[in-house]
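Novice: Sequence first, predicted model second:
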Amino acid sequence: MPELTWQKSSFSGGPQGECLYLAPTPDGTIRLRESDTPDVILATTPETLAGLLDHLRHS
């Protein structure tokens, strides 16, 4: 896999410096990681992530 270009979420940066990073991949999936555990990387699809965000916004 090529080197990923990580982008910090615009909602990151709380008082403890917690940050969520996202990176698109060539196969169309999205990778997610937290600043405090950068070696743990989750993979998801744009549709699944959008569904999660929609659910969180309306909860």
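Specialist: Here it is on my side, so go on. Residues are numbered from 1 along each chain as shown.

Novice: Buried by neighbour count: which residues of the biggest strand by length in the chain qualify?
Specialist: In terms of residue count, the longest strand belonging to the chain (DSSP state E) is strand 37-44. The neighbour-count check on strand 37-44 (16 or more other C-beta atoms under 10 Å) flags nothing as buried. Every C-beta, even on glycine, is put in place using the N, C-alpha and C of the backbone.

Novice: Identify the neighbouring strands of that strand in the sheet and state each direction.
Specialist: Paired strands of strand 37-44, with direction, are strand 30-34 (antiparallel) (DSSP bridges).

Novice: Report the mean per-residue pLDDT for the partner strand.
Specialist: Mean pLDDT, computed over strand 30-34, is 95.

Novice: Just the CA coordinates for it, please, in CSV.
Specialist: Taking Å, rounded to 0.1, in the frame of the first residue of the first chain, the C-alpha atoms of strand 30-34 are listed here in CSV:
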residue,chain,number,x,y,z
ILE,A,30,-11.0,5.2,4.4
ARG,A,31,-8.4,4.6,7.2
LEU,A,32,-8.9,6.0,10.7
ARG,A,33,-6.5,6.3,13.6
GLU,A,34,-6.2,8.2,16.9
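
Novice: Can you get me the centre-to-centre distance for it and its chain?
Specialist: 4 Å (C-alpha atoms, centre = their mean, to the nearest Å).
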